[in-house]
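**Q** Dropping a prediction and its sequence here:
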Amino acid sequence: MDSHSAGTRQGILNAAEKEFAWHGYEGAHLQFIASQAGVQKTAIYYYFPSKAALYTAVLKSILEHFEAVLSQVISSSGSHAEKLSTLMDAFNDVFAERPTYSKILMRLFVDSSDMLQEDIYVHVQRPVAQILRFIREGKERGVFTRASARHFLQSAVGAMIFHYASGAFGAAMLGVEDIFSESAVTWRRRENRNMVLRAMLREPPADS
């Protein structure tokens, strides 16, 4: 694929990401996506054979982004405690920088499964397995508590996704104007990190 084609495909993905985030799979319109991407509707079908294929491509792009962040942190130098802290901050910042992610991932849990191709679940299962392995290694080394790795992961993911998907409700709960403002993101990063460290570390930092 040449650079022009790659750019067109990415433009369609970017427009689709926003449309699916705000309107879900059923409510999204390919004509609107095409107009936002600056292409004809037929161009979408050149790169993606169906609406479901486009939706799947958007999901894969998001999940690959998170997997890349996860792999970079897990493979870096440092203790398990340091990596856990860095990981929570990194994921928080991804959600803050890409407001569409949380809304799409919330919908992923409720959208009809027959819309999702099997390879999407590979992109879900692989990072999940990597995180569970990381937590179990931390337990074996005596760094993490004996809390259930799976329950921790589900709670941590749920808390992060819901917060950034909550919009005006979340802002009202925290008493801020916008949960995506720099100050609110910084506050959330610190609070979420400290909550996780207190829950998972046998010896949490004094300032957590």
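**A** All right, it came through fine. Residues are numbered from 1 along each chain as shown.
**Q** which ones are touching residue 104?
**A** Counting by Cβ atoms under 8 Å, 6 or more residues apart in numbering, residue 104 makes contact with 17, 20, 21, 58, 59, 62. (C-beta placed from N, C-alpha, C; glycine too.)
**Q** Residue 161 now?
**A** Contacts of residue 161 by Cβ under 8 Å, 6+ apart are 95, 102, 105, 106.
**Q** how about the contacts of residue 104, which pair is most distant?
**A** 21 and 59 (11.3 Å; Cβ to Cβ).
**Q** which parts of the strand or helix carrying residue 121 are buried?
**A** Following DSSP states H and E, one finds residue 121 within helix 118-140. Using 16 or more other Cβ atoms under 10 Å as the test for burial, helix 118-140 gives 120, 123, 127, 128, 131, 134, 135, 138, 139.
**Q** can you check stretch 34-49 too?
**A** In stretch 34-49, counting by 16+ other Cβ under 10 Å, buried: 34, 37, 39, 43, 44, 47, 48.
**Q** among those residues, which are in strands?
**A** Residues of the buried residues of stretch 34-49 located in strands (DSSP state E): none.
**Q** which one of those sits closest to residue 168?
**A** Looking across the buried residues of stretch 34-49 and measuring by Cβ to Cβ, the closest to residue 168 is residue 37, at 28.1 Å.
**Q** show me what contacts that closest one?
**A** Counting by Cβ under 8 Å, 6+ apart, residue 37 has contacts 8, 11, 12, 14, 15, 16, 43, 44.
**Q** Swap in 7 Å and give it another go.
**A** By Cβ atoms under 7 Å, 6 or more residues apart in numbering, the contact set of residue 37 is 11, 12, 15.
**Q** Alright, that wraps it up for me.
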